[in-house]
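> have a look at this prediction, sequence included:
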Amino acid sequence: LNDIRNLSASASSSSLMSGQVAKRTLNPTLETLSLLVVDDNEVNRLVVHRLLAKIGVKTVHLAADGKEAHTFCASGGNFVDCILMDLNMPVMDGVMASEQIRMLPNLSDIPIFAFTAVCSLSTCRGSNVFDGFVAKPCNLQSLQRLLDGLLKFYSGSCSIQDLRSLMNMPAGQKLASGASLFT
């Protein structure tokens with residue numbers, strides 16, 4: 001857990017249920033969203049942190065592998081709205097970590113997105129552990145798209161299925177219903 005750094009510009013606290021990571025149930029804003037970025041490459045973690053900060057996210061937790069991410073989520077005192085999870089990491093890979101995180105009380109439905117350069121659309125769709133994927137190298141637009149979707153999801157204006165559909169399709173493509181989540 002020493003390698004997990006909270007680069008938060010502001011300290012956030014919340015009451016925890018069952019000593020596990022808490023997840024948001026109220027309407028968040030960009031400033032109040034809390035993300036966990038899991039990647040074995042320190043440069044990738046820091047680049048994503050800076051991009052998220054540029055967009056307005058103030059709380060970003062970082063982990064270097066799946067085991068650190070699981071430990072972080074299983075320990076008390078932590079708060080996460082979404083997890084970006086690399087797939088290929090030492091110690092514990094992203095799929096195994098995501099499966100174990102989803103088994104924790106109160107986290108079975110936390111949005112977890114594969115965050116990797118080697119994930120294809122069909123690979124991520126085929127996995128029941130991820131809600132979609134964010135391709136590396138990521139850019140401001142792909143992260144903004146994810147954050148916009150999370151805000152809509154947590155405000156109740158879209159379902160997790162809509163968010164999954166959005167994050168599993170090219171930018172700008174319409175949802176099956178014909179209406180795009182984002183304008």
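Sure, I can see it. Residues are numbered from 1 along each chain as shown.
> could you list the low-confidence segments of this structure?
The chain contains residues with pLDDT under 70 at 1-27, 76-78, 118-127, 168-183.
> which one's the longest helix in it?
Longest helix of the chain, by residue count under DSSP state H: helix 140-155.
> just checking, what packs against that helix?
helix 42-55, strand 133-135, helix 160-167 (3 or more Cβ pairs under 8 Å, 6 or more residues apart in numbering; DSSP states H and E). C-betas here are computed from N, CA, C, even on glycine.
> in its sheet, which strands sit next to the shortest one, and in what direction?
Each strand that strand 133-135 pairs with, and the sense of that pairing, follows from DSSP bridges: strand 112-116 (parallel).
> can you show me the helices along the chain?
If DSSP H is used as the criterion, the helices of the chain fall at 42-55, 66-74, 94-102, 121-126, 140-155, 160-167.
> same list (the helices and strands packed on helix 140-155) but as a markdown table, adding mean neighbour count and distance to residue 108.
Formatted as a markdown table, the entries for the helices and strands packed on helix 140-155 read as follows, by neighbours: other Cβ atoms under 10 Å; distance: least, Cβ to Cβ, whole Å:
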| stretch | mean neighbour count | distance to residue 108 |
| --- | --- | --- |
| helix 42-55 | 16 | 25 |
| strand 133-135 | 20 | 20 |
| helix 160-167 | 18 | 12 |
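> list the buried residues for the longest helix of the chain?
Residues of helix 140-155 classed as buried by neighbour count (16 or more other Cβ atoms under 10 Å): 142-154.
> next: stretch 88-106.
Taking 16+ other Cβ under 10 Å as the basis for neighbour counts, the residues of stretch 88-106 that come out buried are 89, 92-95, 97-101, 104.
> thought residue 89 was touching residue 38?
Yes - taking Cβ atoms under 8 Å as the definition, residue 89 is a contact partner of residue 38 at 7.3 Å.
> residue 158 contacts residue 149, correct?
Yes - Residue 158 sits in contact with residue 149 when judged by Cβ under 8 Å, with a separation of 7.0 Å.
> could you dump the helices of the chain to a markdown table with distance to residue 134?
What follows is those, written out as a markdown table (distance: least, Cβ to Cβ, whole Å):
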| stretch | distance to residue 134 |
| --- | --- |
| helix 42-55 | 9 |
| helix 66-74 | 16 |
| helix 94-102 | 12 |
| helix 121-126 | 10 |
| helix 140-155 | 5 |
| helix 160-167 | 7 |
